[in-house]
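Undergrad: What would the 3D arrangement of this be:
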Amino acid sequence: HVQLVESGGASVQAGGSLRLSCAYSGVTRGDYFMAWFRQAPGKGREGIAAITASDISTYSDAVKGRFTISLDNSQNTLYLQMNSLKPDDTAMYYCAAATRFGCGIYWSPHPYKGQGTQVTVS
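TA: Numbering: from 1, shown residues only. Here you go, the predicted model:
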């Protein structure tokens, strides 16, 4: 049984930083790609970062150079370090265990995703 639980969301000022965490269980290393995606009110889902079991990562253009995804297999935790935050980054952020590696609006967080953590940048 796969469980994904996000934490670390908060309200911050533009230019600030946050680190999101996703504690996962039931995921066997290599079975899925771990990823972060977000959804803002009135907007569609957007995959923003993904990582493989061998630490190969990819980012959407919107966050490249500002966000860093990392995976601590010893702690069963996925992280997203977010720097230089902008108001456009305001969204609910979710982690996912997916069968597809990638980012963007056409990527799907299938089959597992968490409940999300809210990030608000003002």
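Undergrad: Next, name the residue at the spatial heart of this structure.
TA: Nearest to the mean C-alpha position of the chain, by Cα atoms, centre = their mean, lies Trp36 at 1.9 Å.
Undergrad: so what's that one up against?
TA: 20, 22, 47-50, 69, 78, 80, 93-96 (Cβ atoms under 8 Å, 6 or more residues apart in numbering). For the C-beta atoms, the positions are set from N, CA and C on the backbone; glycine is no exception.
Undergrad: repeat for Ser21
TA: So Ser21 contacts 6-8, 77-79 (Cβ under 8 Å, 6+ apart).
Undergrad: Go again with 6 Å.
TA: Neighbouring residues of Ser21 by Cβ atoms under 6 Å, 6 or more residues apart in numbering: 7-8, 77, 79.
Undergrad: In TSV: those, plus secondary structure.
TA: Converted to TSV, those look like this (DSSP: H, G, I helix; E, B strand; the rest coil):
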residue	secondary structure
Ser7	strand
Gly8	coil
Thr77	strand
Tyr79	strand
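Undergrad: Out of these, give me the one that has the most neighbours.
TA: The most neighbours of any of these, using other Cβ atoms under 10 Å, belong to Tyr79, which has 20 neighbours.
Undergrad: Which residue is the nearest non-sequential neighbour of that residue?
TA: Leaving aside its chain neighbours, Tyr79 sits nearest to Ser70 (4.7 Å; criterion: Cβ to Cβ, 6 or more residues apart in numbering).
Undergrad: how many other residues sit next to that neighbour?
TA: 15.
Undergrad: Can I get the host helix or strand of it in CSV, CA atoms only?
TA: Under the criterion of DSSP states H and E, Ser70 resides in strand 67-72. C-alpha atoms of strand 67-72 as CSV (Å, rounded to 0.1, in the frame of the first residue of the first chain):
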residue,chain,number,x,y,z
PHE,A,67,14.0,24.5,-7.4
THR,A,68,15.9,21.3,-6.6
ILE,A,69,14.5,17.9,-6.2
SER,A,70,16.2,15.3,-4.1
LEU,A,71,15.6,11.8,-2.7
ASP,A,72,16.7,10.4,0.6
